[in-house]
Each structure stands twice: as structure tokens, then as C-alpha cells.
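Trainee: let's see this in three dimensions:
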Amino acid sequence: MAAQPAIVLVHGFWGGAAHWAKVITELHAHGHDSLHAVEIPLTSLADDAERTRRMVRQVDGPVVLVGHSYGGAVITEAGDLPNVTGLVYVAAFAPDAGESPGGISEEMPPAAFGNIVPDSDGYLWIAQDKFHESFAQDLPSDEALVMAVTRKAPSASTFGDRVGAPAWRAKPSWYQVSLNDNMIHPDNQRRTADRMNPRKTIELDAGHASPASQPRAVARPSSRTPPTPPDTPHAPPGTSRPRRTVCRMHGSLLTNLTAVRPVFR
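Mentor: Alright, predicted model coming up:
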């Protein structure tokens, strides 16, 4: 049986490692005991990817990187380390070479794009009175308020940082689409997943903060979604492979990650 991989969780803009709190408890309850949530500085893609690489290097054995929102761009850049054996995207950017989160958003602006405002120090914010409806409309108002007050803003320039060599072109991937996402257009997420050719895509009736609003669907196994056989080799994007599983509302994303082999051919 393949060794159980460690799971490294990477947050996005206006978040922090604690945004994964509910997913962490779900994963731990289901036997994942090597869990790590990296706190990235949100100062540049290079800085954020390097902080993630440093955490991955501390793990002895295979690692699955999980990125939410901008964290998807980070794992795309940082996932080139040899012990990274899979990439999981949760309502996330997954830029190709030369693309940036900002450029992707401008091509297909999400509903709340206009609620992102810069400050005089060069940081980007979601207007606090718009945070609930923009980022976390399916969370209770008090939970969204705490998120809005404790969020960490990115440097504005980070939004335009371009990916070099995307790791998803060489590593197996999974993707979760949030159908009611106001921060990354759902059609942009679908387009991203389609070109990535992931082993599984699930679509959830969720807003952008799906790790908080639907942690079980993100984290827990589901009998409705049979796993891809672990010995199926990864096929590069654009090549023929058994069609991925697409599940709507009843799927789970981090299903059977214990079966991910440390080495992919």
C-alpha cells in the first residue's frame, strides 16, 4: 500500500492559515495525521512560493499541495519539488506559463471584482461592508465578519505576478469549482479545470469560501464519487485519458488521497 502523503494547505488573498480550520478537523477525523497549513506573506508570488517550498522541504515523504483562491497560483509555482505528488485546487487560480491571477480575472471578471479596492500603501482590500456578499455569502454573518476584520491583504503587485513553469502540467491534479463564486468567475474555474485535465473535478453549490462553508464536501470521502485508481499514470494536459469524474453538490475533493503514490510515471 502506498504511503499516506502529508497534506500542505495554502491560503489565498484576504485569508490566512486559519481559513482551513474546518477542513483540518475533517481531515484529521478521517485519519490524516500529517497536516500543515502554511502562512504565506502575500508580498509576491515568488515570496509566497518560496515560503511554501520551505514547508514542503520540512516534510519527509510525499506531499499533496492544496491551494484555495490565490493559493492555487502558489502551488502551481511551488509544486515542482520532487516530493510533491499531487495538486488540489479549491475554487482557485491555476495559471499557465506567463499568466497571472489578475490577468485571468480581467478576462472574465467575477461579480465582486469591483469591490476590490487599493489603499494608499499599495495593498488590495475587499471593502469591509462588501466582504460578506463578495467572499463568503454562504457563511453566517458573524463568521463572515470575523473573516473581514482579521483578513490579510496582499500587495497589489502580487495580483499581476506571472507563473513560470506550471506544476499542474507535470503533476496529477484535482479541482473544486464553486458555482456561486463572486471572487473567481465559476466559468473561469471550469475553463481552468478543463485545460488542466484533472483526475477529478467536483462542483459545489458554494461561494468563494468553500473550505469554510462546505468543509465536508472538500475534505471527506464520498461513496458517490469512486476514486481514480491509484496506479493510473498522469497524462499531460491535452492527451487522451479516461474522462475525469465531475460531481455536482454531492462530491468530495480530497477523496482517497491516502492512495496517491509517492512517485508518478
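Trainee: quick one: pLDDT of T192?
Mentor: Turning to T192, the model gives it a pLDDT of 92.
Trainee: tell me how far the host helix or strand of it lies from the chain's centre.
Mentor: Using DSSP states H and E, T192 maps to helix 186-196. Taking C-alpha atoms, centre = their mean, to the nearest Å, the mean C-alpha location of helix 186-196 is offset from the chain mean by 13 Å.
Trainee: residues of it that come out buried?
Mentor: Going by neighbour count (16 or more other C-beta atoms under 10 Å), the buried part of helix 186-196 is 186, 188-190, 192-193, 196. Any C-beta I mention is one placed from the backbone N, CA and C, and that applies to glycine too.
Trainee: need the contact partners of that helix.
Mentor: Identification of contacts with helix 186-196 by C-beta atoms under 8 Å, 6 or more residues apart in numbering yields 89, 91-94, 96, 104-105, 107-108, 110, 168, 173, 175, 177-181, 201, 237-238.
Trainee: just the CA atoms of it, as CSV, please.
Mentor: Output of helix 186-196 as CSV, limited to C-alpha atoms (Å, rounded to 0.1, in the frame of the first residue of the first chain):
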residue,chain,number,x,y,z
PRO,A,186,-17.2,30.0,-12.0
ASP,A,187,-16.7,29.7,-15.8
ASN,A,188,-13.1,30.7,-15.3
GLN,A,189,-12.8,27.9,-12.8
ARG,A,190,-14.4,25.4,-15.2
ARG,A,191,-12.1,26.6,-18.0
THR,A,192,-9.1,26.2,-15.7
ALA,A,193,-10.2,22.7,-14.7
ASP,A,194,-10.8,21.6,-18.3
ARG,A,195,-7.4,22.6,-19.6
MET,A,196,-5.7,21.0,-16.6
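Trainee: so the helix or strand just after that helix versus helix 186-196, what angle?
Mentor: Moving toward the C-terminus from helix 186-196, the next helix or strand (DSSP H and E) is strand 200-204. Counting by axes from the mean of the first three to the mean of the last three C-alpha atoms, to 10 degrees, strand 200-204 lies at 170 degrees to helix 186-196.
Trainee: can you name every helix or strand that strand 200-204 contacts?
Mentor: strand 173-178, helix 215-219, strand 245-248 (3 or more C-beta pairs under 8 Å, 6 or more residues apart in numbering; DSSP states H and E).
Trainee: hang on, N115 packs against A127?
Mentor: Yes. Between N115 and A127 there is a contact under C-beta atoms under 8 Å: 5.2 Å.
Trainee: what is in contact with these two at once?
Mentor: By C-beta under 8 Å, 6+ apart, N115 and A127 have these common neighbours: S134.
Trainee: give me the more crowded residue out of these two.
Mentor: Neighbour tally, N115 and A127, criterion other C-beta atoms under 10 Å: the higher count belongs to N115, 19 against 13.
Trainee: ok, now which ones touch that one?
Mentor: By C-beta under 8 Å, 6+ apart, the contact list for N115 reads 126-127, 130, 134.
Trainee: what's the lowest-pLDDT member of the residues you listed?
Mentor: Least confident by pLDDT among these: that is A127, with 92.
Trainee: V84 versus the residue in the chain sticking out farthest from the centre, what's the distance?
Mentor: The C-alpha centroid of the chain is most remote from S120, which lies 29.1 Å away (C-alpha atoms, centre = their mean). Here S120 is placed at a distance of 38 Å from V84 (C-beta to C-beta, to the nearest Å).
Trainee: and the helices and strands packed on strand 200-204, which is most packed in?
Mentor: strand 173-178 (a mean of 28; mean count of other C-beta atoms under 10 Å).
Trainee: just to revisit the earlier point, among the contacts of helix 186-196, which are located in helices?
Mentor: Among those, the members found in helices (DSSP state H) are 104-105, 107.
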